[in-house]
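> sequence first, predicted model second:
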Amino acid sequence: MAGLAAIDLADQLALADSLADAAGAVIRRYFRSKIAVDDKADASPVTIADREAEAAMRRLIEARVPAHGILGEEYGEARIGADWVWVLDPIDGTKSFISGVPLFGTLIALLHQGVPVLGVIDQPISGERWRGSAGAPTTLNGAPIRTRPCGDIATASLFATAPDMFAGSDAVAFRRLQSRVKLSRFGSDCYAYGLVAAGFIDCVVEACLKPYDYCAMGPIIEGAGGKTSDWQGKPLGLASDGRVVCAGDPALHETILTVLDS
């Protein structure tokens with residue numbers, strides 16, 4: 001993140017907190033209630049909670065920083081070429097949300113000239129909020145957190161949202177990785193990334209993601225001592241191909257890249 005040290009993110013962090021608060025107020029109102037579930041074109045579910053939560057965040061951005069761009073899962077892009085772009089996923093893990101499982105979260109990222117510099121994972125039911133920003137330690141509910149060391153892949157815990165996110169050669173590579181780790185688990189959506197940052201699990205490897213699924217993760221994981229990239233080791237950004245490697249231990253991250261490519 002060269003050249004970002006001089007950027008003061010205090011105002012943007014305060015705005016990110018306001019966005020998370022606004023989304024959370026909507027989500028809590030609908031959680032475990034009888035609401036309609038619609039299918040998008042890709043057959044993924046969406047609800048009034050997703051739409052209203054994103055709309056609430058977008059209103060705040062338009063009111064407070066109208067020159068900033070926005071990319072949201074539900075309402076698309078605005079001013080995407082701006083120096084500052086907010087990337088929003090109102091409910092990452094809608095399948096968990098509609099099932100009454102509190103492992104979803106609101107994802108908020110801020111990119112500066114294409115580089116993610118701020119990330120928030122907010123779990124509005126448990127009241128957990130991870131905040132990461134360039135040049136500062138990641139926090140969970142205000143307290144600094146660190147990833148845990150994991151020098152041997154044979155002792156690692158590996159998470160992904162679902163096995164069916166991997167297809168073709170990606171599925172072969174992921175199964176190869178699974179065979180090398182101690183434990184693999186599915187189904188935690190963005191919550192797993194928060195657990196990597198907090199030092200409870202070791203890595204998340206995923207595919208077929210969109211920018212609003214992963215842009216928040218770099219500042220959070222790396223601010224806690226970890227490493228994130230695509231499957232080729234390149235930094236994550238709007239143009240990434242949706243394949244993500246996140247590890248709490250940078251050495252483990254390098255090992256995972258080697259295994260995926262072998």
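Received it, and whenever you're ready, just let me know what you need.

> so the residue lying closest to residue 20 once chain neighbours are set aside is in which element?
Nearest residue to residue 20 in three dimensions, chain neighbours excluded: residue 122, at 4.0 Å (Cβ to Cβ, 6 or more residues apart in numbering). In this view, the C-beta of every residue, glycine as well, is placed from N, C-alpha and C. Using DSSP states H and E, residue 122 sits in strand 115-123.

> ok, that strand: who's next to it in the sheet?
strand 105-112 (antiparallel), strand 128-133 (antiparallel) (DSSP bridges).

> quick one: distance of that strand to the chain centre.
On the basis of Cα atoms, centre = their mean, to the nearest Å, strand 115-123 sits 7 Å off its chain's mean C-alpha point.

> cool, and stretch 186-202?
Offset of stretch 186-202 from its chain centre (Cα atoms, centre = their mean): 10 Å.

> so which bits of that stretch are buried?
Across stretch 186-202, burial judged by 16 or more other Cβ atoms under 10 Å covers 187-199, 201-202.

> can you map out the helices along the stretch 101-250 of the chain?
168-178, 191-197, 211-214, 217-223, 250-261 (DSSP state H, counting those that start in this stretch).

> just say which of those is most tucked in.
When the helices of the stretch 101-250 of the chain are scored by mean count of other Cβ atoms under 10 Å, the highest mean neighbour count falls to helix 217-223 (a mean of 28).

> which elements pack onto that one?
strand 115-123, strand 128-133, helix 191-197, strand 227-230, strand 244-247 (3 or more Cβ pairs under 8 Å, 6 or more residues apart in numbering; DSSP states H and E).
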